[in-house]
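[1] 3D model of this:
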Amino acid sequence: MNWLDTDTENCPVGRALDVVGEKWSLLILREAFNGVRRYDEFRRHLGLSEAVLADRLRKLVAAGVLRSEPYREPGARTRHEYRLTRKGVDLWPVLLALKQWGDTHAAEPEGPVLDVRHTDCGAPVRVVVQCEGEERAVLTPRDVTVRPGPAARPRRLG
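    Residues are numbered from 1 along each chain as shown. Here you go, the predicted model:
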């Protein structure tokens with residue numbers, strides 16, 4: 001069976017996009033990775049409507065990407081902070097790859113808006129696709145072979 005003969009309904013890329021494939025969801029995650037936790041901070045920094053923000057936060061919590069933690073300031077009602085879960089933290093390389101692509105193909109003339117560096121040595125951080133073999137070679141799309149995996153199903157005709 002080759003790729004064109006497989007059903008793409010259970011594609012993991014499609015399922016991931018069901019969770020985080022909307023612009024505001026990814027920008028909320030960017031904010032969370034950069035230390036934003038509270039609803040008002042997300043809203044102020046992103047400039048999106050309350051309805052959209054509440055909807056996206058609710059969906060990210062329901063998907064297990066963020067968790068909601070109650071807090072209460074003296075004299076105020078209980079509110080919630082939003083923290084990345086393990087599932088959310090696993091999206092970090094995806095966001096870094098998008099940033100890297102944006103820095104290359106949609107950059108400001110002055111340079112990057114965010115400068116991501118290794119805390120210990122100060123070197124810039126890059127996302128790469130790497131072989132898990134002994135050589136640990138950095139790969140391009142031309143260096144890999146893609147085959148249907150064990151969950152692949154034949155495409156239905158019609």
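[2] hey, let's count contacts and neighbours off CA atoms from now on
    Noted.
[3] Do you have the helices of the protein handy? List them.
    12-20, 23-33, 39-46, 50-62, 86-89, 92-105 (DSSP state H).
[4] what does the model give Val125 for pLDDT?
    Here, the pLDDT recorded for Val125 equals 96.
[5] Would you mind measuring from the residue lying closest to it once chain neighbours are set aside to Arg38?
    Counting by C-alpha to C-alpha, 6 or more residues apart in numbering, Arg117 is the residue found nearest to Val125 once chain neighbours are left out, at 5.3 Å. Distance, Arg117 to Arg38, by C-alpha to C-alpha, to the nearest Å: 25 Å.
[6] Of these two, give the one with the bigger neighbour count.
    Legend: neighbour count by other C-alpha atoms under 10 Å for Arg117 and Arg38, higher for Arg38 (17 against 12).
[7] tell me the contacts of the more buried one?
    Residues in contact with Arg38, defined by C-alpha atoms under 8 Å, 6 or more residues apart in numbering, are His80, Glu81, Tyr82.
[8] can you check Ala32 too?
    Tyr82, Arg83, Leu84.
[9] Quick check, the first one in contact with Leu66.
    Yes - with contacts defined as C-alpha atoms under 8 Å, Tyr82 counts as touching Leu66 at a distance of 6.1 Å.
[10] Buried residues of stretch 90-105, list them for me.
    For stretch 90-105, a neighbour-count test (16 or more other C-alpha atoms under 10 Å) marks Leu91, Leu95, Leu96, Lys99, Gln100, Asp103 as buried.
[11] Let me fix that, I meant to ask about stretch 28-44.
    Here stretch 28-44 shows Ile28, Leu29, Arg30, Glu31, Ala32, Phe33, Val36, Arg37, Arg38, Tyr39, Phe42, Arg43 as buried, counting by 16+ other C-alpha under 10 Å.
[12] Cool, thanks, talk later.
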